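quick one, what's the 3D model for this:
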Amino acid sequence: MNDQKPGLRARLVTAGVELVTGEGVHALTLREIARQAGVSHGAPRRYFATHAELLAAIARHGFEELAAALATADGTAAGSPRTRLAAQCRGYLDYAAANPGMFDLMFRHDILEGSGTGLRQTTLPLFETFTRLVAEVRPPSGAAPAAVAAALWANLHGLAQLRSWGSLRLATGTDDIGPLLDVALTAHLGSEAR
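Below is the predicted model of the structure:
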């Protein structure tokens, strides 16, 4: 039985990842995750104390993918902290566009709260990297780097959500997020030194 537990836990998470990727957050009921995993509808409760705990395990998978995407973006961006930060911002927006269901779940604190799985241990390092790069850029506002990083992150998240809802196309006539990202970076970090 001990050998089965990790296998079934992983299968339930994989089923949830497939569901959120294909159908969105609304599809992540215990019954549907169990059906997708090929187990009884009561099986998830043997491995996850609450529905929120299972959803958090699925979201953790998304945060791990996002961390890998940001690390890849950072690794391909040679140069200044601003260049690296811009690359990570693009990586964030690209991840959100490629994984809208997962991205939605990852930031649904209303349904993940109380999961007891320590998602902050996965998410805080991402924010700390942003904050460190912001501090190295030294934005002209004099605001604390963590405050600037939080404002930039919120701006990115808003751009990602508006694009996924189709609102950016209505407002700007295009889905090209590049010019908006450039404006956001300038707004939060000042003009790039030439």
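
what ranges does the chain have for its helices?
Per DSSP state H, the chain carries helices over the ranges 4-23, 30-37, 43-47, 51-76, 81-98, 100-106, 109-112, 120-137, 145-164, 167-172, 178-189.

which neighbouring elements make contact with the shortest one?
Applying 3 or more CB pairs under 8 Å, 6 or more residues apart in numbering; DSSP states H and E, one finds that helix 109-112 makes contact with helix 51-76. The way it works is simple: take the backbone N, C-alpha and C, and place the C-beta from them, glycine included.

go with 10 Å
Here helix 109-112 touches helix 51-76, helix 100-106, going by 3 or more CB pairs under 10 Å, 6 or more residues apart in numbering; DSSP states H and E.

rank these by mean pLDDT and give me the bottom one.
Least confident of the helices and strands packed on helix 109-112, judged by mean pLDDT, is helix 51-76 with a mean of 91.

what's the distance between residue 161 and residue 103?
9 Å (CB to CB, to the nearest Å).

chain center to the lowest-mean-pLDDT helix or strand in the chain: distance?
Lowest by mean pLDDT, DSSP states H and E among the helices and strands of the chain is helix 109-112, with a mean of 84. Centroid separation for helix 109-112 versus its chain: 14 Å, with CA atoms, centre = their mean, to the nearest Å.

which residue packs closest to residue 172, ignoring adjacent ones?
residue 180 (7.3 Å; CB to CB, 6 or more residues apart in numbering).

same check, this time on residue 16
Closest residue in space to residue 16, ignoring its immediate chain neighbours: residue 58 at 3.9 Å, by CB to CB, 6+ apart.

can you name the residues that contact the one you found?
Residues in contact with residue 58, defined by CB atoms under 10 Å, 6 or more residues apart in numbering, are 12-21, 25, 28, 33, 102, 105-106, 112.

what do you get for residue 18?
The contact partners of residue 18, by CB under 10 Å, 6+ apart, come to 27, 33, 36-37, 58.
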